[in-house]
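Asker: Here's a sequence, model it:
(4 chains)
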Protein chains: 4
Amino acid sequence: MKQIFQYHQLQKEILTPADFEFYAQKNLDPALYAYLSGGGGQQQTLKHNRKRLDQLQLQPRVLRKLDHGHSRYTLLGHELSAPILLAPVAHQGLVDEQAELASAQAAEAIGQGLVLSTLSTKRLESVAEATSGFKSFQLYTQPDRSVTYDLIDRACGAGFASLMVTVDTPLQSSSLEARRLGFHLESRVEAANLAEYAHPSTIQVTEGESYIFQGLMAQAPSWEDIRDIIEYSPIPVWIKGVLSVDDALMLKSVGAQGLVVSNHGGRALDGVPSPLDVLPSMRRALGADFLLMADSGVRSGYDIFKFLAAGADAVLIGRLQVYALATAGALGVAHLLKLLSEELQLCMALTGCAELDEIERHCLYESK
Amino acid sequence: MKQIFQYHQLQKEILTPADFEFYAQKNLDPALYAYLSGGGGQQQTLKHNRKRLDQLQLQPRVLRKLDHGHSRYTLLGHELSAPILLAPVAHQGLVDEQAELASAQAAEAIGQGLVLSTLSTKRLESVAEATSGFKSFQLYTQPDRSVTYDLIDRACGAGFASLMVTVDTPLQSSSLEARRLGFHLESRVEAANLAEYAHPSTIQVTEGESYIFQGLMAQAPSWEDIRDIIEYSPIPVWIKGVLSVDDALMLKSVGAQGLVVSNHGGRALDGVPSPLDVLPSMRRALGADFLLMADSGVRSGYDIFKFLAAGADAVLIGRLQVYALATAGALGVAHLLKLLSEELQLCMALTGCAELDEIERHCLYESK
Amino acid sequence: MKQIFQYHQLQKEILTPADFEFYAQKNLDPALYAYLSGGGGQQQTLKHNRKRLDQLQLQPRVLRKLDHGHSRYTLLGHELSAPILLAPVAHQGLVDEQAELASAQAAEAIGQGLVLSTLSTKRLESVAEATSGFKSFQLYTQPDRSVTYDLIDRACGAGFASLMVTVDTPLQSSSLEARRLGFHLESRVEAANLAEYAHPSTIQVTEGESYIFQGLMAQAPSWEDIRDIIEYSPIPVWIKGVLSVDDALMLKSVGAQGLVVSNHGGRALDGVPSPLDVLPSMRRALGADFLLMADSGVRSGYDIFKFLAAGADAVLIGRLQVYALATAGALGVAHLLKLLSEELQLCMALTGCAELDEIERHCLYESK
Amino acid sequence: MKQIFQYHQLQKEILTPADFEFYAQKNLDPALYAYLSGGGGQQQTLKHNRKRLDQLQLQPRVLRKLDHGHSRYTLLGHELSAPILLAPVAHQGLVDEQAELASAQAAEAIGQGLVLSTLSTKRLESVAEATSGFKSFQLYTQPDRSVTYDLIDRACGAGFASLMVTVDTPLQSSSLEARRLGFHLESRVEAANLAEYAHPSTIQVTEGESYIFQGLMAQAPSWEDIRDIIEYSPIPVWIKGVLSVDDALMLKSVGAQGLVVSNHGGRALDGVPSPLDVLPSMRRALGADFLLMADSGVRSGYDIFKFLAAGADAVLIGRLQVYALATAGALGVAHLLKLLSEELQLCMALTGCAELDEIERHCLYESK
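Answerer: Prediction:
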């Protein structure tokens, strides 16, 4: 796990965010790369995410005075330089020794935000100490309810600004290619945040029971769990992994203060819509003021602009973050965030938007 | 014809149902594989079947309590562990010595159903003795009417629960590739069920007659034949190979108790719709309670879920069955059925369905 | 120019009409094959013809009594075994020494019809003597009006049943690939029918004139020419190369008794619709009884069925005819016509049509 | 930089305008070719331009009397032999020593028009002297306003008939491939027209400012700049790079006398519509008499016809011009213009149009 580039080389070699994918593939062992880059099942969702982003077109505008323009975004009182958050990618130690500490420093340096995974390589307390930038804590509910609540307490204590509870992956496995290459996540990683708790017992089902329904789904978070967490948490609770307008309305009504429209980058159920498909109706249903984030498939600042134009307020960056981290550590992530911001600003400038709230549906070209 | 895998290897190597195709191709001689895998004409239907299944998207739902979920299905009083039937693939002795005996044992072991072909390698009586699981008998009407009726008598006597009369292949030939590779079905197989009857005479047409109309079609089953069979049969009669709503309504009105919406896996007329295309209107026309099965193109439990969501009650598995049989005999077929059930349950869990009757059109994502 | 196959081999090697293309390509020199197979410009039309035919789907029907079925078709009082005509492909001597004599014998043997090109290698009188089957004469109007009229007189005298005047190629050149391979049509062929007339003078335009408008188009047939020919001709006049409903209505009103909806197999203007695109509106506009033929892109009897279902009464076979002729002479063309008829009958049988006039739009599957 | 062909070879080797691309690629160094041929970002726009042109179909018409036909077009009182203008491609000295002098001579020889770039290799005064054909001057507004106005004065003084102000590229960079191949435009070229003025100072932004908004966009032309230029200019002002109907209406209202609907050949913002997408609504909004030009993606006279049918009055030729120049200098460009005109006339003849104003929407086939 060496980093390929020093910063002066980075600026020369990495012209677009997508270039990090090329170098990550070169730098990582094939099984690990397959794990990081792969999607669920036959990877229909993975491909669909790109197809929809590529199909969407922008509507250029000319001659507007934009010398006062900017992409600043205020989230829970923090001003970010752009509405971009590092997604809560688990186990970043797989690609960089500094892991989430590096990502956190990069986000702070560029003035953007971080969401730390429950399954981070570094303890949440260490990450919190290492950065004064915006940070949210991603929560996977744990089989033992008291562990879940302890994680919430620790995140609040460490100064995280919000919780982001992931609800779309009660069932998930590595990509087929990763499994064929012999990738075993468990043998490579340790979840530092959970190290102090007892290991949950292995799932057991009896004859005639379903491993999926009576096993995995029996441990999955329920509406009741979410209601309880929202009631318990002193900081705002966001829910990650929503693709249904009905679910979204229900989540708003039980007190969620933000949603991430996401198909988990194609890593969860295969064959589902892209966030781009559902964002417009999501926004209409939830109203203009509700916090809607999105991710899945983003490979450029153009894609971020498209998500914003389709209804999102902010966008999370998952795989690109890991690719940049694997390529050049904290410098890589910082360069990535800079490139993404500049491409976003480029789209704003050429569609005539001086500020984020001018990015609307009419910035997308709709063929007649 | 050796089986490649023992069971412990199976679980390691075969991660998805589609993997059996890879190993079957390795294990079988090219002409036989071409015969099994090929479709009619230019294989437009074959490709269209996959395209439509791949295009359809699922609508995920989150946070529902599903620990009571299951995929059990009751068919003519038998409880199956999932609504999956082994399709009546002819001549299974081509790929495994145990042939239909192996398939039958696998279906019973996993708690799913079997449809035995008129053209099975093993006698229907032997297969019936080998399994106490659910079994239906597929009937090809014979040129000699008394033979048809004797087959019905034997199937009833042996304890088959229903007849499934195939009506979509009065004209069929091997795929072009199989024919180019010199595949001759006749020289390789014997139809055990028909061995005791006189060979039907070769089709003869006179000058000016059409081999298709005055030859083959003169022997094809007619509406009258179907009416007579329904009247004669003491067990329910299902009809396999229907793609027209008008035909379906007519079949219901003459007493058919179930239909299989099917294009024969692309082996019959080339260039026709997928069952997915016609299932919704079929269901609307026939009502919620009429038994609708489907097949053609299924390569995963995801595909089964899509057929169910589009209107089917149960799904038949053809080529995958033979691929699994060719790969690992009865163990292969059992593993296949287990993988299919789990993928089906995965789709149910992630779309929020605890039981089969919750799988409806709104589980499919319809783009706006 | 040797023929590859004897008849007993033909039946073994040529399983579908499209197979002739493979053998023709093997048998002919590349420049000639490029000339025969190529289309105009960037070959958009050529590809579109296939795409539209491949997209169209058939609606299967089951259980109809079809033992009285047939594909017989009556054209100007002649009964053909199927509504298939050999298209007026020019210069058949390029691929076979017997040229149009061979094609004519094949058509007669199978009971189908022939349209002979003005630019045939064999004299129209010789072809007429060689066959008692149905024959029409294709007419290219000539710069010298008296030559045009003499050709009409000769065709009538020789017993041709109709004239088919081609109007879509005032401007045409060999495919780019043929030109790059150095193909020069003029150095290879002689038009026997025109040998007795003076060579038309080379087109000359003066400074500032357009070679296209003042040169080629000045020699192209006009509405007035067509009216005059219809008035002059004692036999019915059909017009070949129509893709506009307005043109079709006008042609009907001036006395044309039949039309060929055609884009000249993609050899004329590049980037135009397929006959399949326009046949339905053409049929609605002209009424059920007007004679509508079609060609362009046909590679199978399935395609013929699709043209008939879309509104055509009969279909012309161009490239396939030449490929069959190049592969096995008269035997090749006869085998081709037999295969096409059988595939057409197969489609009829499986969509439940006993006779041609039952082939209608509802035999095509229209997705809802 | 040698020219490949003499004229007699040209006519033999170059059968279509697109053939020049092949020879240019052979003749130019890879980095330069990548710069010329590439598009912005992921080249979505570049590909979309071709896709839309290829999708559009023509509606053939037959038998019209067209011997009086022509493609002549009058622009600001000049009669051109076809509505084709050489686009203002910058730095033509990159591919030919005679550069814009060669292009200008070619345009004059064929009777078509030229638009000279602000960034031409040759001084505008030299080009003006070298041709008496139609010429317009393309204007990039300069950071120093007095330079902009001096350029206008010089263009008027030299006899240019109009100004064409480009407004769609305040932000533009070389294609990724060109940058990866080490292409540096600045080290290769000099802008002769700007040589006499002080070099503009490098863009500087302070900490917290955006290089895009406070840097580049602060120098971009604004509505006010355009209004001032229109007021100042004694010759008609056209605006190049418009894709929004609202922008177009605004430009008309402030006095622009013509527009070029363009996405800069895919070199500006990536992921935008083709001119073909917006031309019909543009024409409806601006009225029949407003001068609408278009470019982007044109590779043939067929494409020119499609732009005209979609609503354009004239079409600009960019990359093809450079490819022809790189292949055979002035002779190459002249041959290109001749081929384009002939293909345009071919489309006119086969869709039944004798003059340009008969080319309308109904010349395009609209599928029902």
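
Asker: quick one: pLDDT of the closest residue to chain B within the stretch 51-200 of chain A?
Answerer: In the stretch 51-200 of chain A, the residue found nearest to chain B is A:Val167; the distance is 4.4 Å by Cβ to the nearest Cβ. Just so you know, the C-beta spots here come from the backbone N, C-alpha and C atoms, and that holds for glycine as well. Per-residue confidence for A:Val167 comes out at a pLDDT of 96.

Asker: Now it. Nearest residue, chain neighbours left out?
Answerer: Beyond its immediate neighbours in the sequence, the residue positioned closest to A:Val167 (Cβ to Cβ, 6 or more residues apart in numbering or on different chains) is B:Val62, lying 4.4 Å away.

Asker: Which secondary structure element is home to the one you found?
Answerer: B:Val62 is located outside every helix and strand, with elements delineated by DSSP states H and E.

Asker: Might you report the residue contacts of A:Ala130?
Answerer: Applying Cβ atoms under 8 Å, 6 or more residues apart in numbering or on different chains, we find A:Ala130 in contact with A:101, A:104-105.

Asker: could you redo the last one with a cut-off of 10 Å?
Answerer: Counting by Cβ atoms under 10 Å, 6 or more residues apart in numbering or on different chains, A:Ala130 touches A:98, A:100-105, A:108, A:122.

Asker: Any chance of the backbone angles for it?
Answerer: phi -80, psi -10 (degrees, to the nearest 10).

Asker: coming back round to it: mind listing which of the contacts of A:Ala130 are in helices?
Answerer: When these are checked against helices using DSSP state H, the ones located there are A:100-105, A:108.

Asker: of those residues, closest to D:Ser296?
Answerer: Lowest distance from D:Ser296 to the ones in helices among the contacts of A:Ala130 (Cβ to Cβ) belongs to A:Ser103, with 40.7 Å.

Asker: Can you give me the neighbour number for the closest one?
Answerer: One way to gauge burial is a neighbour count; for A:Ser103, by other Cβ atoms under 10 Å in any protein chain shown, it gives 34.

Asker: just A:Glu196 next, same as before
Answerer: Around A:Glu196 sit 10 other residues, with neighbours defined as other Cβ under 10 Å.

Asker: and the residue of chain A nearest chain B?
Answerer: Closest approach between chain A and chain B, counting by Cβ to the nearest Cβ: A:Phe213, at 3.5 Å.

Asker: Could I get the contacting residues of that residue?
Answerer: Residues near A:Phe213 by Cβ under 10 Å, 6+ apart: A:205, B:66-71, B:345, B:348-349, B:354-355.

Asker: Doesn't it lie inside a helix?
Answerer: Yes - with DSSP: H, G, I helix; E, B strand; the rest coil as the criterion, A:Phe213 is assigned to a helix.

Asker: now it: how far from chain D?
Answerer: Per Cβ to the nearest Cβ, to the nearest Å, A:Phe213 is found 43 Å from chain D.

Asker: burial count for the residue in the stretch 101-250 of chain A that chain D sits nearest to?
Answerer: Closest to chain D within the stretch 101-250 of chain A is A:Gly111: 9.2 Å, counting by Cβ to the nearest Cβ. Counted with other Cβ under 10 Å, residues neighbouring A:Gly111 total 19.

Asker: wait, it sits on A:Leu75?
Answerer: No - taking contact to mean Cβ atoms under 10 Å, the distance of 11.5 Å between A:Gly111 and A:Leu75 leaves them out of contact.

Asker: who touches both of those two?
Answerer: Among the neighbours of A:Gly111, those also in contact with A:Leu75 (Cβ under 10 Å, 6+ apart) are A:Phe134.

Asker: Scan the ones in helices among the contacts of A:Ala130 and report the most crowded one.
Answerer: The member of the ones in helices among the contacts of A:Ala130 surrounded by the most neighbours (other Cβ under 10 Å) is A:Ser103, with 34 neighbours in all.

Asker: how much space between that one and C:Lys135?
Answerer: A:Ser103 sits 81 Å away from C:Lys135 when distances are taken as Cβ to Cβ, to the nearest Å.

Asker: Equivalent analysis for A:Leu316, please.
Answerer: Taken as Cβ to Cβ, the spacing of A:Leu316 relative to C:Lys135 amounts to 73 Å.

Asker: All the helices of the stretch 201-350 of chain A, in order from the start?
Answerer: Using DSSP state H, counting those that start in this stretch, the helices found in the stretch 201-350 of chain A span residues A:217-219, A:223-232, A:245-253, A:275-286, A:301-310, A:319-350.

Asker: after the host helix or strand of A:Ala128, next one along is what?
Answerer: Counting by DSSP H and E, the element that carries A:Ala128 is helix A:124-130. Per DSSP H and E, the first helix or strand lying C-terminal to helix A:124-130 is strand A:135-139.

Asker: tell me the angle that following strand makes with helix A:223-232.
Answerer: When axes from the mean of the first three to the mean of the last three Cα atoms, to 10 degrees is applied, the directions of strand A:135-139 and helix A:223-232 differ by 150 degrees.

Asker: any low-confidence regions in the stretch 51-200 of chain A?
Answerer: Within the stretch 51-200 of chain A, the segments meeting pLDDT under 70 span A:171-172.

Asker: Within range of chain D, give me the residues from it.
Answerer: Applying the criterion Cβ under 10 Å from any Cβ of the partner chain, the portion of the stretch 51-200 of chain A that neighbours chain D consists of A:53-72, A:81-82, A:111.

Asker: Now that we have the residues you listed, which of them are buried?
Answerer: When those are checked for burial by 16 or more other Cβ atoms under 10 Å in any protein chain shown, the buried set is A:53-54, A:56-64, A:66-67, A:69-71, A:81-82, A:111.

Asker: quick one: which of those sit in helices?
Answerer: Counting by DSSP H, the members of these that fall within helices are A:53-54.

Asker: Show the contacting residues for A:Tyr365.
Answerer: Under the contact definition (Cβ under 10 Å, 6+ apart), the residues listed for A:Tyr365 are A:56-60, A:351, D:243-244, D:271-273, D:277-278.

Asker: before we move on, what about A:Gln25?
Answerer: A:33-34, A:36-37, A:323, A:326-327.

Asker: could you redo the last one with a cut-off of 8 Å?
Answerer: With Cβ under 8 Å, 6+ apart, A:Gln25 has these contacts: A:33, A:37.

Asker: Please report how far it lies from A:Glu186.
Answerer: The gap separating A:Gln25 from A:Glu186 is 23 Å, by Cβ to Cβ.

Asker: center of chain A - which residue?
Answerer: A:Ala87 (2.9 Å; Cα atoms, centre = their mean).

Asker: dump the residue contacts of the residue of the stretch 201-350 of chain A at minimum distance from chain C.
Answerer: Among the residues of the stretch 201-350 of chain A, A:Gly271 lies nearest to chain C; the distance is 20.1 Å by Cβ to the nearest Cβ. Taking Cβ under 8 Å, 6+ apart as the definition of contact, the neighbours of A:Gly271 are A:41-42, A:44-45, B:54, B:56-58, B:302.

Asker: Now A:Leu63: closest residue in space, sequence neighbours ignored.
Answerer: Spatial nearest neighbour of A:Leu63, chain neighbours left out: D:Trp223 (4.8 Å); criterion: Cβ to Cβ, 6+ apart.

Asker: ah, wrong one, I meant A:Gln257
Answerer: Of all residues not flanking A:Gln257 in the chain, A:Pro236 sits nearest, at 4.1 Å (Cβ to Cβ, 6+ apart).

Asker: How about the contacts made by the one you found?
Answerer: Counting by Cβ under 8 Å, 6+ apart, A:Pro236 makes contact with A:76, A:161-163, A:257-258.

Asker: residue contacts, A:Cys353?
Answerer: By Cβ under 8 Å, 6+ apart, the contact set of A:Cys353 is A:66, A:69, A:359, A:363.

Asker: distance between the ends of stretch A:15-31?
Answerer: For stretch A:15-31, the first and last residues are 26 Å from each other (Cα to Cα, to the nearest Å).
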